[in-house]
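# generate a structure from the sequence data that follows.
(one chain, ligands or ions: 1)
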Amino acid sequence: MVLKIVKYPEPVLQQPGEPVTEFDGELKKFVADMFETMYASQGIGLAAPQVGVSKRITVVDLSQGKDPAQKLVLVNPEVILTEGKQYEEEGCLSFPDIREKVVRAAKVRVRAQDEDGKWFEMDGEELLARAFLHEIDHLDGILFIFRMSPLKRNLSLRKIRKMQSEGAW
Ligand SMILES: [Zn+2]
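Purely as a prediction, here's the structure:
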């Protein structure tokens, strides 16, 4: 089932998600719906707050559904190591048409639970590191506009206000 993606400034996007404690069929169904929703919007990552659910769950798939081996589910994820810096353009399904450069770590190690509750660690570089950091930020209520320079943030907010006034947001 394709879920509705909420847009900025929906309050759920700016509050920290609750940790997941039940690894049941309901969680698996929700994760499957998150993948379906992400693929329907051609995204590479989606966090539960983006579909209005304030829980620490995110899905990532750089292949956009083409390679099952790249389907990643991160429940209760934490960043345990970062290294270096990258400065690349980033977008967000909760900010349609907004793309700006954001500084992120070049390499990251995350620790998370899978949909069965099993803990694992995983390293990501470049785009994968960016996706992990962007999505884990969502679970802390941090949006990518707050990672932009003040100048780029103001430009983006102005663009959003203009789209809102035109009924295009
Ligand atoms: Zn996002």
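
# Phe120 touches Ile80, doesn't it?
No: Phe120 is beyond contact range of Ile80, at 11.7 Å (criterion: Cβ atoms under 8 Å). In this view, the C-beta of every residue, glycine as well, is placed from N, C-alpha and C.

# show me what the strand or helix carrying Leu133 is packed up against.
Using DSSP states H and E, Leu133 maps to helix 126-139. Contacts defined by 3 or more Cβ pairs under 8 Å, 6 or more residues apart in numbering; DSSP states H and E place helix 126-139 against strand 45-47, strand 57-60, strand 72-83, strand 86-90, strand 100-104, strand 107-113.

# residues touching the following helix or strand past it, excluding its own?
For helix 126-139, the succeeding helix or strand toward the C-terminus, using DSSP H and E, is helix 150-165. Residues from elsewhere that reach helix 150-165, judged by Cβ atoms under 8 Å, 6 or more residues apart in numbering: 8, 95, 97-98, 100-101, 145-146, 148, 169.

# cutoff 6 Å now
Outside helix 150-165, the residues that touch it by Cβ atoms under 6 Å, 6 or more residues apart in numbering are 98, 100, 145, 169.

# stretch 99-113 now?
Surrounding stretch 99-113, the residues in contact under the criterion Cβ under 6 Å, 6+ apart are 74-87, 89-91, 119, 121-125, 129-130, 132-133, 144, 147-148, 152.
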